[in-house]
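Asker: Requesting a structural model of the entry that follows:
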Amino acid sequence: MDPSATTTFTGTSSSVTLNINGEKHTLPVDHRTTLLDALRERLDLTGTKKGCDQGQCGACTVLLDGRRAVACLQLAVAAEGREITTIEGMADGDRLHPVQQAFLDLDGYQCGYCTPGQICSAVAVIEEHAAGWPSAATEDVRPEAGTPELTAEEIRERMSGNLCRCGAYVSIVDAVARAAGTCAEHPESGKSPAEPGNPEHTEKTETVA
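Answerer: Numbering: from 1, shown residues only. Sure, this is the predicted structure:
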């Protein structure tokens, strides 16, 4: 939790301010409330899905300060002071994020329930790879080896925390690969408007009773 954030404690609940998709939401929450439940039940941001509720399926994946996290294992009070990006914050108006567009073009989904988490995870995967982070599938992890090629094997390993019960994995891998190429050619397109790194990033404030 950000030590500079102002939090009001009243027994087992607190009033917290969550910065979600560039908009600040102030709301009272029970200390046991997960970020997932705060998003879905309190803020009507239902794009983030509840699957296993145990951190194993990846359906509730969101980005915290640009890094992926499963919202069902993250307490809402612990997310105060951090930049939270959900699937609702990925597009720039009517212009889809390159990952969203690739999933749409290549049918990287079937029922669509896991898709928001898949997309959020894929956005982080592309950024992690661009930063030179190795994975368990990377053959040479020495720093001097440089950034590994984003092969299908690398994508499968890096996306392995997101399950698809429909089995759309082949198309998901293809979509991530295409989006990675788009982001490499046009780096500005790989930033969602909700992320602080985007020059068009703005903040709004809302109080929820």
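Asker: for stretch 65-76, which positions count as buried?
Answerer: By 16 or more other C-beta atoms under 10 Å, the buried positions in stretch 65-76 come out as 66, 68, 69, 70, 71, 72, 74, 75, 76. From N, CA and C alone the C-beta is placed, and that goes for glycine too.
Asker: Which of the residues you listed fall within strands?
Answerer: If you go by DSSP state E, the buried residues of stretch 65-76 have 68, 69, 70 in strands.
Asker: any idea which of these is closest to residue 138?
Answerer: Nearest to residue 138 among those is residue 68, at 18.0 Å by C-beta to C-beta.
Asker: which residues sit in contact with the closest residue to the closest one other than its chain neighbours?
Answerer: Distances taken as C-beta to C-beta, 6 or more residues apart in numbering put residue 124 closest to residue 68, at 4.1 Å, once the chain neighbours are dropped. Residue 124 makes contacts with 63, 66, 67, 68, as judged by C-beta atoms under 8 Å, 6 or more residues apart in numbering.
Asker: in a helix, that's where residue 124 is, yeah?
Answerer: Yes: the assignment for residue 124 by DSSP: H, G, I helix; E, B strand; the rest coil puts it in a helix.
Asker: just checking, next helix/strand downstream of the helix or strand harbouring residue 18?
Answerer: Secondary structure assignment for residue 18, by DSSP states H and E: strand 13-20. Next helix or strand after strand 13-20 toward the C-terminus (DSSP H and E): strand 23-30.
Asker: what is the orientation angle of that following strand with strand 13-20?
Answerer: If you take axes from the mean of the first three to the mean of the last three C-alpha atoms, to 10 degrees, strand 23-30 sits at 150 degrees to strand 13-20.
Asker: partners of strand 23-30 in the sheet?
Answerer: Here strand 23-30 has these sheet partners by DSSP bridges: strand 13-20 (antiparallel), strand 204-207 (parallel).
Asker: Checking residue 132 next. Helix, strand or coil?
Answerer: Following three-state DSSP, residue 132 is assigned to coil.
Asker: That one contacts residue 147, doesn't it?
Answerer: Yes: if you go by C-beta atoms under 8 Å, residue 132 and residue 147 touch, sitting 4.6 Å apart.
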